[in-house]
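> Predicted model and sequence below, questions to follow.
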Amino acid sequence: MAARALAEQVAGQARYEREQWVRQEQRQVYGAINRAYAELATALSALHTALAERRPVQELVERVEERRLRLSVAVGPTAMPGPEEVHDVACALIGATEAFVAAYRELAVLPRADESVRLDAVRERVAGRRADAHACLSNLSAACRNVLLRQGDS
């Protein structure tokens with residue numbers, strides 16, 4: 001009887017410690033994604049400013065691409081601590097930011113004085129992709145918050 005109670009106590013403690021570890025990992029992964037997105041947003045802002053001021057942008061385009069890749073790397077670990085709903089919206093964020101960065105890249109390589117109609121279309125695409133990326137970030141933030149709040153209730 002005492003052995004059974006001890007075994008149950010040990011099993012309960014192991015479950016509790018595993019849940020604590022999962023929560024800690026989730027917080028770290030979710031935080032890393034937010035930091036990576038903030039770095040990407042900062043790089044995109046610098047690129048936007050350089051484009052508006054007609055300054056050279058090649059180095060900034062490379063920095064944006066590096067930051068986009070860092071975001072992709074930050075999203076990868078969401079599959080491990082879960083849940084799947086967070087991983088799914090994190091993957092959607094990656095798709096949206098890839099499209100957003102691609103639109104900015106297209107804007108960066110367009111000739112400055114050529115094809116104003118095309119330039120307007122690319123600018124519209126950039127604005128649409130920006131809205132998509134921001135919506136995906138909001139969805140990710142909500143999913144992460146919901147997961148962490150649910151865990152606080154247990």
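Received it, and whenever you're ready, just let me know what you need.
> so what secondary structure elements neighbour whichever strand or helix holds Ala133?
In the assignment (DSSP states H and E), Ala133 maps to helix 116-153. Helices and strands touching helix 116-153, by 3 or more Cβ pairs under 8 Å, 6 or more residues apart in numbering; DSSP states H and E, are helix 2-52, helix 84-109. C-beta coordinates here come from the backbone N, C-alpha and C atoms, glycine included.
> Run the angle between that helix and helix 84-109 for me.
Angle, helix 116-153 to helix 84-109, by axes from the mean of the first three to the mean of the last three Cα atoms, to 10 degrees: 160 degrees.
> what mean pLDDT would you report for helix 116-153?
Across helix 116-153, the average pLDDT comes to 86.
> Quick one: distance of that helix to the chain centre.
Between the centre of helix 116-153 and the centre of its chain there are 9 Å (Cα atoms, centre = their mean, to the nearest Å).
> and what of stretch 39-59?
On Cα atoms, centre = their mean, the centre of stretch 39-59 falls 20 Å from that of its chain.
> same thing with stretch 76-85?
13 Å.
> mind listing what's buried in the helix or strand of the chain with the lowest mean pLDDT?
Ranked by mean pLDDT, DSSP states H and E, the helix or strand of the chain with the weakest confidence is helix 116-153, at a mean of 86. Within helix 116-153, the residues that qualify as buried are 119, 122, 125-126, 129-130, 132-133, 136-137, 139-141, 143-144, 147, counting by 16 or more other Cβ atoms under 10 Å.
> what do you get for stretch 32-51?
Quick answer for stretch 32-51 (16+ other Cβ under 10 Å): 32-34, 36-37, 39-41, 43-44, 46-48, 50-51.
> What distance do you get for the residue lying farthest from the centre of the chain to Gly12?
In the chain, counting by Cα atoms, centre = their mean, Met1 sits farthest out from the average C-alpha position, at 50.9 Å. Note on Met1: its distance to Gly12, by Cβ to Cβ, to the nearest Å, is 17 Å.
> before we move on, what about Glu19?
From Glu19 to Gly12 the distance is 11 Å (Cβ to Cβ).
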